[in-house]
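[1] Below are the sequence and a predicted model; questions follow.
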Amino acid sequence: MAWGGPVAAVFLCLWQLSAGIQWLGLQESSGPVAWNESQHCRLLNGLVPEQIQLCRRNLELMPTIIRAAQETKASCQGSFADMRWNCSSIEQAPNLSPDLLKGTRESAFVYALAAAAVSHSIARSCASGELPTCSCGTVPDDIPDSSFRWGGCGDNLHYGLQMGSAFTDAPMKSRKAGMQASKLMNLHNNAVGRQALVDSLETKCKCHGISGSCSVKTCWKGLQDLGTIAQELKVKYLGAIKVILRHMGLRKQLVPKELDMRPVREVELVYLSSSPDYCTKNPKVGSQGTQDRQCRKSSVGSDSCNLMCCGRGYNTYTQILLERCQCKYHWCCYVTCKKCERTVERYVCK
Ligand SMILES: *[C@@H]1O[C@H](CO)[C@@H](O)[C@H](O)[C@H]1NC(C)=O
Ligand SMILES: *[C@@H]1O[C@H](CO)[C@@H](O)[C@H](O)[C@H]1NC(C)=O
């Protein structure tokens, strides 16, 4: 086959589409790096030139961003464990399969989650004193009542949003960024993720006073855990809106395909191409299929054997679990247990 124009063009285009979340492949591949020299930025996999620039200028942020990549993978897989598409392909980053390249609903979720994760992680690192360039978040002016005072160290959401968006939006703002529609889609979904993060900010308090009477409280603004934010985003994933690119006056904008007279809202995830049903294995569309996946016979949700196995049926296995049981407390101070066997049934898709 001639290695010519059209083939190279397709390749380039795929690379450009994928570059937006290739940084999820960040790993401390070369062992613990001290992050004190800007050459370290070149050791990193999956960064676009603009992100390498950011890395050089903000070396101290990199351990936090690497942690955000790991947290993105874990919370994506955690929140999709009961779905046919279970986020396993994210492990291959920076090499991504079509489910995360083609402007699908699944990629919308992952972009939003990854954008939220980076800002979350930076905001928390500020509060824990890990970063020399920021500290606790600002304290609100209002004092709701006299038993209440602001104190502690709140997550620095402001700095997290500022540095997080600079990093996660960089691939789409790059001169070489891919097609306009997917660029706009990715930027929009990143913003939706960050908005979910902003919405998760809550007041957390610690009680003081005589024997836990809570007559005085010290409170600060803290973010909810990434797992909780991932659950919020999963709801948005289920209600995601298919969009197309339209000329609106002089600008091009994404508008809902069905109701195309209104612009998309900051709270909705958007996607450009429909996903396969992920029932059967098909690498061309990024589907791993659900053969050998576990399902739940008693469930009526997405992990029920009927839905998970796409009507193909399932095999039943019995598994014997060894557990501690009939535990006795002995004065003083130890516990003895017997070992009991318990049989459980497992259901696995055909
Ligand atoms: C960076 O840290 C390493 C290990 O602590 C040290 O050997 C190296 O000299 C440091 N480089 C600079 C530029 O400070
Ligand atoms: C996700 O699905 C794939 C493909 O069916 C399977 O190999 C993998 O074990 C699943 N992962 C989890 C965490 O269930």
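    Alright, I've got the coordinates. Ligands and ions are numbered 1, 2, ... in the order given.

[2] which residues in this structure form helices?
    Ranges of helices in the chain, per DSSP state H, are 5-18, 49-57, 62-79, 105-127, 157-173, 180-199, 226-238, 305-308.

[3] do you know how far Pro283 is from Ser174?
    To Ser174, Pro283 is 28 Å away according to CB to CB, to the nearest Å. In short, each C-beta sits where N, CA and C put it, glycine included.

[4] Over to Met62?
    For Met62, the distance to Ser174 equals 19 Å [CB to CB].

[5] swap in Thr343?
    57 Å.

[6] re the thing from before, more neighbours: Pro283 and Ser174, which one.
    Remark: of Pro283 and Ser174, Ser174 carries more neighbours, 17 against 9, as counted by other CB atoms under 10 Å.

[7] wait, doesn't that one sit right on Gln53?
    No - using CB atoms under 8 Å, Ser174 is not in contact with Gln53, being 10.4 Å away.

[8] which bits of the protein sit near ligand 2?
    Neighbours of ligand 2 within the chain, by CB under 6 Å from any ligand atom: 77, 81, 86, 88, 288-290, 293.

[9] Low-confidence ranges, the stretch 101-250 of the chain, go.
    143-144, 175-178, 212 (pLDDT under 70).

[10] Could you list the residues of it in contact with ligand 1?
    Residues of the stretch 101-250 of the chain that fall close to ligand 1, judged by CB under 6 Å from any ligand atom: none.

[11] Contact partners for the closest residue to ligand 1 within the stretch 101-250 of the chain?
    In the stretch 101-250 of the chain, the residue that lies nearest ligand 1 is Pro132 (14.6 Å; CB to the nearest ligand atom). By CB atoms under 8 Å, 6 or more residues apart in numbering, Pro132 lies in contact with Glu60.

[12] Could you measure from it over to Asn36?
    Applying CB to CB, the value for Pro132 to Asn36 is 12 Å.

[13] got it, and Pro263?
    45 Å.

[14] Compare these two (neighbour count), which wins?
    Comparing Pro263 with Asn36 by other CB under 10 Å, the one with more neighbours is Pro263, at 13 against 8.

[15] Just the pLDDT at that one, thanks.
    At Pro263, the model reports a pLDDT of 76.

[16] swap in Ala9?
    pLDDT at Ala9 comes out at 42.

[17] Do any residues in stretch 62-77 lie close to ligand 1?
    No - Stretch 62-77 stays clear of ligand 1 (CB under 6 Å from any ligand atom), getting no nearer than 13.5 Å.

[18] Show me what counts as buried in that stretch.
    62-69, 71-76 (16 or more other CB atoms under 10 Å).

[19] Kindly report the same for stretch 153-171.
    Here stretch 153-171 shows 153-157, 159-161, 163-171 as buried, counting by 16+ other CB under 10 Å.

[20] what distance separates that stretch from the middle of the whole chain?
    Distance of stretch 153-171 from the chain centroid (CA atoms, centre = their mean, to the nearest Å) equals 15 Å.

[21] Pull the CA coordinates from that stretch and hand them back as PDB.
    Extracted in PDB, the C-alpha atoms of stretch 153-171 (Å, rounded to 0.1, in the frame of the first residue of the first chain):
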ATOM      1  CA  CYS A 153      -7.800  25.300  55.300                       C
ATOM      2  CA  GLY A 154     -10.200  25.100  52.400                       C
ATOM      3  CA  ASP A 155      -9.500  23.600  49.000                       C
ATOM      4  CA  ASN A 156      -8.200  26.300  46.600                       C
ATOM      5  CA  LEU A 157     -10.800  25.900  43.900                       C
ATOM      6  CA  HIS A 158      -9.900  29.200  42.200                       C
ATOM      7  CA  TYR A 159      -6.300  28.100  41.600                       C
ATOM      8  CA  GLY A 160      -7.400  24.600  40.700                       C
ATOM      9  CA  LEU A 161      -9.700  25.900  38.000                       C
ATOM     10  CA  GLN A 162      -7.100  28.300  36.600                       C
ATOM     11  CA  MET A 163      -4.200  25.900  36.300                       C
ATOM     12  CA  GLY A 164      -6.400  22.900  35.600                       C
ATOM     13  CA  SER A 165      -8.100  24.500  32.600                       C
ATOM     14  CA  ALA A 166      -4.800  25.800  31.200                       C
ATOM     15  CA  PHE A 167      -3.600  22.200  31.200                       C
ATOM     16  CA  THR A 168      -6.600  20.200  30.100                       C
ATOM     17  CA  ASP A 169      -7.800  22.800  27.500                       C
ATOM     18  CA  ALA A 170      -4.300  23.200  25.900                       C
ATOM     19  CA  PRO A 171      -4.600  20.400  23.300                       C
END
